[in-house]
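In: Coordinates for the following, if possible.
(one chain, ligands or ions: 1)
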Amino acid sequence: MERESVLVIDFGGQYNQLIARRVRECGVYCEVKPYKTPIEEIKRFNPKGIIFTGGPNSVYLESSPTISKEIFELGVPVLGICYGCHLMAHILGGEVSACVTSEFGKTETVYDKSCVLFAQDDMPATAVSWMSHNDCISRLPDGFKSVAHTDNCPVAAMENPEKKLYAVQFHPEVNHTENGIKMIDSFVKQVCGCGGDWTMANYAKVAIEEIRAKVGDGKVLLALSGGVDSSVACALLSKAVGKQLTCVFVDHGFMRKNEGDEVEAAFKDWDVNFIRVNAADRFIGKLEGVSDPETKRKTIGEEFIRVFEEEARKIGKVDFLVQGTIYPDVIESGTGDAAVIKSHHNVGGLPDYVDFKEIIEPLRLLFKDEVRKLGTELGLADYLVWRQPFPGPGLAIRIIGEITRDKLKILQDADYIFREEIANAGLDRSINQYFAVLTDMRSVGVMGDGRTYDYTLALRGVTTTDFMTADFARIPYDVLEKASVRIVNEVDNINRICYDITSKPPATIEWE
Ligand code: XMP
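Out: Take a look at the predicted model:
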């Protein structure tokens, strides 16, 4: 079945994923492809509309990213955003030059209501848009007219409705642009003629059929971590192929309090073969004397693979291995060569040691919020669907220095209380990640009439959309106080609690 879709062509803009997410929020499937994608491939993709992203360059420089003029001759509507807007003007014979006054941030913008992008009844003619540009269109290409302006920018948007070409200087995908999502909606529905058939119910139906066709009567193996992605993948595969699927849940012992049992309870009644491997002793044994964070990660990663491999061998030859790759990983893979800050051990990403024919990546096209919607659609419990990210090595990297069973128990109990208080305060969905860290430091305190010399616990809470940058969460003092009082009273060996008020960068989210 041909799916109606929009193509986002990436010119290096920082909001490329956001544009794609906004299009999908309008109920239209879309993909992001690099600007170097050959025109033949774009034609094969058969998009109903094309969106050019922003980018950091100036179109009039020789070395700047560009695209074949043919893209405007396919009869497919195009919307250019920021750099994409400049590029459309530049390629079609207009002129782009440095602004007299650059614009950054919220900017009052006057829209021409006769333009389809701004025509919805509830969109005022003057509203705030989000600008970020040093260049602007100084002469329109033939056939275009300006349909928005600001005090400093005479062409804040332009259109050539006959050719279905539109461009905006500002960023409609950013929340600060009032009605930005409606502009995108008008483009994809009114201009491109998309009906909006992209829903998770439809996705599930099609994905289940596709998985069945691919798997036939083969055997499928999935490493279940209890995280959102592997849980949703498990639910989808279970509906598609039932008992042909075996889920292996390796409990390395560094899960949060009760978490291993919760994962087991969530999946043992599903129509799958569920195997829980209790390997805590093995992992703790391997980590004896290890205090270096990277060594901890590598040791856990390697041991995890070994345990999984042993289980796979017992099952015998499997035909398919499931991976929980999601769309942001696909977009990001292969781009940039950033320094390795931490070698993430991702339980979804297993190397090729298991003897299998093919990999299935059933979430490969989905953003995180779509994965969550799909989980709900498939009947997964809320606490699994809304689970916050949890690192593969678990609490092992939240115990600073060497790990002991005692420290693990202290951290599990303290972390449990903190999470409970955050949930009691109704903050569990607005703070994107929150947890406790057991530091390796002890200090003097007084309890009752006696001196104590016990551990310092750190609490961490962050708000973030991408986990690449993060802000420390402004948790109200009374919530912190409740958590602090309860932890010190209910958990032995902690006599001091700090709240981490660093953002990322310069800190990272996890402490190790
Ligand atoms: P950092 O600490 O690098 O974390 O700011 C960013 C996000 O990644 C998670 N994280 C990990 N996830 N294996 C994982 O699967 C790891 O080793 C790992 N280390 C960090 C972290 O919880 C945060 O969400």
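
In: in its sheet, what does the longest strand seen in the chain sit against?
Out: As assigned by DSSP state E, the longest strand anywhere in the chain is strand 95-111. Strand 95-111 has the following strand partners under DSSP bridges: strand 126-139 (antiparallel), strand 145-149 (antiparallel).

In: Export those as CSV, with columns for mean neighbour count.
Out: All C-beta atoms are positioned from the backbone trio N, CA, C, and that covers glycine. Conversion of the strands paired with strand 95-111 to CSV gives the following (neighbours: other C-beta atoms under 10 Å):
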stretch, mean neighbour count
strand 126-139, 19
strand 145-149, 19
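
In: closest one to residue 262 among those strands?
Out: strand 126-139 (41.3 Å; C-beta to C-beta).

In: Could you check how sure the model is about that closest one, as an average pLDDT?
Out: When pLDDT is averaged over strand 126-139, the result is 95.

In: Could you name the stretch from the strands paired with strand 95-111 that's closest to the ligand?
Out: The ligand lies closest, by C-beta to the nearest ligand atom, to one member of the strands paired with strand 95-111: strand 126-139, at 25.4 Å.

In: following the worst-scoring helix or strand of the chain on mean pLDDT, which helix or strand comes up?
Out: None of the helices or strands of the chain scores lower by mean pLDDT, DSSP states H and E than helix 327-332, at a mean of 77. Remark: after helix 327-332, the chain's next helix or strand is strand 358-360, criterion DSSP states H and E.

In: Just the buried residues of that next one, please?
Out: Going by neighbour count (16 or more other C-beta atoms under 10 Å), the buried part of strand 358-360 is residue 360.

In: Could you do stretch 93-105 as well?
Out: 94, 96, 99, 103.

In: returning to that earlier point: just checking the least confident helix or strand of the chain against the ligand, any contact.
Out: No: shown here: helix 327-332 not in contact with the ligand (C-beta under 6 Å from any ligand atom), separated by at least 11.5 Å.

In: Any idea how far that helix is from the middle of the chain?
Out: 9 Å (C-alpha atoms, centre = their mean, to the nearest Å).

In: go on, stretch 21-34?
Out: What separates the centre of stretch 21-34 from the centre of its chain is 14 Å, taken as C-alpha atoms, centre = their mean.

In: tell me the mean pLDDT over it?
Out: On average, stretch 21-34 scores 94.

In: first to last residue in it, what's the distance?
Out: Chord length of stretch 21-34, first to last residue, is 16 Å (C-alpha to C-alpha, to the nearest Å).

In: Buried by neighbour count: which residues of that stretch qualify?
Out: Neighbour-count burial for stretch 21-34 flags 21, 22, 23, 24, 26, 27, 28, 29, 30, 31, 32, 33 (criterion: 16+ other C-beta under 10 Å).

In: Please apply the same query to stretch 4-15.
Out: Applying 16+ other C-beta under 10 Å to stretch 4-15 flags 4, 5, 6, 7, 8, 9, 10, 11, 12, 13, 15 as buried.

In: Chain neighbours aside, what residue packs nearest to the last one?
Out: In space, residue 15 comes closest to residue 173 once its chain neighbours are excluded; the distance is 5.3 Å by C-beta to C-beta, 6 or more residues apart in numbering.

In: Of the buried residues of stretch 4-15, which belong to strands?
Out: Per DSSP E, the subset of those in strands is 5, 6, 7, 8, 9, 10.

In: Beta-bridge partners for the fifth one, please?
Out: It stands for residue 9. Beta-bridge partners, per DSSP bridges, of residue 9: residue 33, residue 52.

In: for it, what are its contacts?
Out: Counting by C-beta atoms under 8 Å, 6 or more residues apart in numbering, residue 9 makes contact with 32, 33, 34, 35, 37, 42, 50, 51, 52, 53, 67, 84.

In: mind listing the helices for the stretch 301-450 of the chain?
Out: Per DSSP state H, counting those that start in this stretch, the stretch 301-450 of the chain carries helices over the ranges 327-332, 368-377, 382-385, 405-424.

In: picking up where we left off before, whichever of the contacts of residue 9 end up buried, select them in PyMOL.
Out: In PyMOL syntax, the buried subset of the contacts of residue 9 is picked out as below (16+ other C-beta under 10 Å):
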select buried, resi 32+33+35+42+50+51+52+53+67+84
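
In: related to what we said a few turns ago, tell me the one among the buried residues of stretch 21-34 nearest to the ligand.
Out: Once C-beta to the nearest ligand atom is applied, the member of those that ends up nearest the ligand is residue 21, at 18.6 Å.

In: Fine by me, thanks again.
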